[in-house]
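Visitor: based on what follows, work out the 3D shape:
(one chain, ligands or ions: 3)
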Amino acid sequence: MSHQAIYRKYRPKTFDEVVGQDHVTETLKNQIMRNSTAHAYLFSGIRGTGKTSTAKIFARAVNCTNNTDGNPCNECDACLGILSERNMDVIEMDAASNNSVEDIRDLREKVKFLPSQSKFKVYIIDEVHMLSKGAFNALLKTLEEPPEHLLFILATTEPQKIPATILSRCQRFDLKRISVKDMMANMNTICSDLGIEAEENALRMIANSSEGALRDALSILDRCLVYSVDKITYEDVIMLLGTVNYNTIIRFTDILIDKDIKELLMVLDEILSQGKEITLFLEGLIEHLRNLLILKSVKDGQSFVNTGEDAIKLMKNQSLKLTVDDNIRYIEELSETLALCKRAVNSRILLETRLIKLLSVRTVAVETVYIEKPVSVSESAPKQTVKTETSHKDEVLQTSNEAGNEAVSEVIAEDDGEILRQIQDNWDLILQTVKKRKISLNAIVKESQPHRVVKGEVILRFAEQYTFHLNRANAKESIEFMEQVFKNILKKDLKVRFIIEDSKKKESDEEIREKINEKAFELFGKEKVKIID
Ligand SMILES: Nc1ncnc2c1ncn2[C@@H]1O[C@H](COP(=O)(O)OP(=O)(O)O)[C@@H](O)[C@H]1O
Ligand SMILES: [Mg+2]
Ligand SMILES: [Zn+2]
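Guide: Numbering: from 1, shown residues only. Ligands and ions are numbered 1, 2, ... in the order given. From the prediction side, this is the model:
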């Protein structure tokens, strides 16, 4: 027996079998029952949502001689004739290949004739946006004065390409993306009909990766059947899609939370050596981080997260360990990395570099500090090392951005002082303006204060705990944006730079040693620490 693709075999045959488009099918059924159908319809929506299927059902329903509730009966002569494509009154054409003016002129000639066997002559024109301009004009002429017996059903994935003159003559229906839940239910029905078992997780994974197109989901299901004979498992789907196992994503996120760069690189290596696509992995990771953020910041956020109960529990636990700040930063930076990876020659190096940068910005674990007193007075005494151990201590790394530490030593010119005053007076307004246009940047900039103005450069300063903000704020597009805001509000061309408060004055070696000794005393007790000169 030849294999018939599932999505062909299971094309819905009645309006009631169409999934997730009740707003369309119910209206059409009502029109049929009331004999109030129009002459032209446009079905729009992304691929695989049921446009062609609904058009075919509609073509039968208007001609069905046995119609009770608006659905075609699929048993009367009219229905059977159309189903078997023997009926010459239902004509399907693909605008992608019949888009010349002649094709449509030809059509205009034909529509004049009455239907031979049925009530309505139905033209289904698929991918109608592909028609040439001339063909659209010819079609328009027909739509302007449609004969009584004529029904046009146009379908398109790109309604914005259809001329307004055509649109205004059609009843338009937008088919929606199919929800994960509806897709899972549909696949479940199909699987039981085929006598195949399928793990719930497997179907969810398929639905999630189909982006609302049921046909795509059914194609994946089909491919799974090729190598899972009687049961479709989550692992099968993962393999087939080349995506990364959910557990790996959870684990990877844990490592992000711990900021353990070494472990991170190891797991990444594991993932890539299994031949997984970097971009698919990143997409999965970003989706997961998005779910964590929603669960953490939206009350009853579950409804926005497409996973099972178990996964929700895991996610909720994990979201407790991740600060909202870090969560947002990870999503933003990884999304940017994803876009770059899609274009990069060596996406692996890019990803590694970006991950290291992502985790280096903030904290470092200080494990061991060795103190050694350099010059001893008594040459005979043995040198000794005091070893202190501090637990994972959050220490702000002064990172790449030199601006952060730089002492600003220029003399303040008089009108710089005046500008600073103006900025301070208008600071609320400035922040509000930023907020209106770039809400995420506002969250950052509002933590800074106008600090000084030096030769036309506005220095905005963060308190020392905001290292992460500093890097974001000094990004080129943020700076350019801020400069524009200053220009709009103060009517002046100013440069902008963010710095961070440098409360730690440069300490002398002696002071540092003193401090470490104190720490050692505190940790081990004064009597246990000996410092030998
Ligand atoms: N809303 C839907 N309900 C049920 N099946 C659907 C639906 N949308 C798509 N399908 C499945 O996908 C296949 C292709 O659908 P089709 O109607 O050709 O989509 P479109 O024309 O929007 O690209 C159908 O045969 C069916 O198996
Ligand atoms: Mg179609
Ligand atoms: Zn019928």
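Visitor: tell me the domain boundaries of the protein?
Guide: Domain assignment of the chain by automatic domain parsing yields the ranges 6-174, 180-241, 246-360, 408-500.
Visitor: helix, strand or coil for Lys492?
Guide: Look at Lys492: counting by DSSP: H, G, I helix; E, B strand; the rest coil, its state is coil.
Visitor: distance of it relative to ligand 3?
Guide: Remark: distance between Lys492 and ligand 3 (C-beta to the ion, to the nearest Å) = 76 Å. The way it works is simple: take the backbone N, C-alpha and C, and place the C-beta from them, glycine included.
Visitor: need the phi and psi values for that residue.
Guide: Lys492 has phi and psi values of phi -140, psi 140 when expressed as degrees, to the nearest 10.
Visitor: how many neighbours does it have?
Guide: 13 (other C-beta atoms under 10 Å).
Visitor: contacts only, for it.
Guide: 419, 486 (C-beta atoms under 8 Å, 6 or more residues apart in numbering).
Visitor: next up, phi/psi of the nearest residue to Arg172 once chain neighbours are set aside, please.
Guide: Spatial nearest neighbour of Arg172, chain neighbours left out: Leu42 (4.6 Å); criterion: C-beta to C-beta, 6 or more residues apart in numbering. The phi/psi pair for Leu42 (degrees, to the nearest 10) reads phi -130, psi 120.
Visitor: Gln449 now?
Guide: According to degrees, to the nearest 10, Gln449 has phi -130, psi 140.
Visitor: how about the one 10 residues further on?
Guide: For Ile459, the backbone dihedrals (degrees, to the nearest 10) come out as phi -100, psi 120.
Visitor: kindly report the same for His39.
Guide: Main-chain dihedrals, His39, degrees, to the nearest 10: phi -100, psi -20.
Visitor: re earlier: the residue nearest to Arg172: neighbour count?
Guide: 22.
Visitor: from Leu282, how far off is it?
Guide: 37 Å (C-beta to C-beta, to the nearest Å).
Visitor: which residues of the chain lie near ligand 2?
Guide: Counting by C-beta under 5 Å from the ion, the chain comes close to ligand 2 at 51-52.
Visitor: what's the weakest-modelled helix or strand in the chain?
Guide: Counting by mean pLDDT, DSSP states H and E, the chain has its least confident helix or strand at strand 368-372, which shows a mean of 37.
Visitor: how about the residues of the protein by ligand 1?
Guide: 7-8, 10-12, 18-21, 45, 47-53, 155, 178, 214-215, 218 (C-beta under 6 Å from any ligand atom).
Visitor: strands - which of those land there?
Guide: Counted as lying in strands by DSSP state E, out of those, are Ala155.
Visitor: show me which of the residues of the chain next to ligand 1 are buried.
Guide: With burial judged by 16 or more other C-beta atoms under 10 Å, the buried subset of those is 7, 10-12, 18-21, 45, 48-53, 155, 178, 214-215, 218.
Visitor: restricted to helices, list those residues.
Guide: Members of those lying in helices (criterion: DSSP state H): 7, 51-53, 214-215, 218.
Visitor: hmm, back to that, go through the domains of the chain and find the least confident stretch.
Guide: Among the domains of the chain, domain 408-500 has the lowest mean pLDDT, at a mean of 84.
Visitor: quick one, helices of the stretch 401-533 of the chain?
Guide: 414-425, 427-437, 439-445, 467-473, 476-490, 509-524 (DSSP state H, counting those that start in this stretch).
Visitor: same question, the stretch 51-200 of the chain
Guide: Per DSSP H, counting those that start in this stretch, the stretch 51-200 of the chain carries helices over the ranges 51-63, 77-83, 101-111, 133-144, 164-167, 180-194, 200-208.
Visitor: packing partners for the fifth one?
Guide: On a contact count with 3 or more C-beta pairs under 8 Å, 6 or more residues apart in numbering; DSSP states H and E, helix 164-167 meets helix 133-144.
Visitor: which neighbouring elements make contact with the helix it packs on?
Guide: Partner elements for helix 133-144 (3+ C-beta pairs under 8 Å, 6+ apart): helix 101-111, strand 150-156, helix 164-167.
Visitor: list the contacts of the second one.
Guide: Which is strand 150-156. Contacts of strand 150-156 (C-beta under 8 Å, 6+ apart): 37, 39-44, 51-52, 55, 58-59, 62, 111, 120-129, 142-143, 146, 162, 166, 170.
Visitor: 7 Å - rerun?
Guide: Contact with strand 150-156 is made by 37, 39-44, 51-52, 55, 58-59, 62, 111, 120-129, 143, 162, 170, as judged by C-beta atoms under 7 Å, 6 or more residues apart in numbering.
Visitor: quick one: it to chain centroid distance?
Guide: On the basis of C-alpha atoms, centre = their mean, to the nearest Å, strand 150-156 sits 34 Å off its chain's mean C-alpha point.
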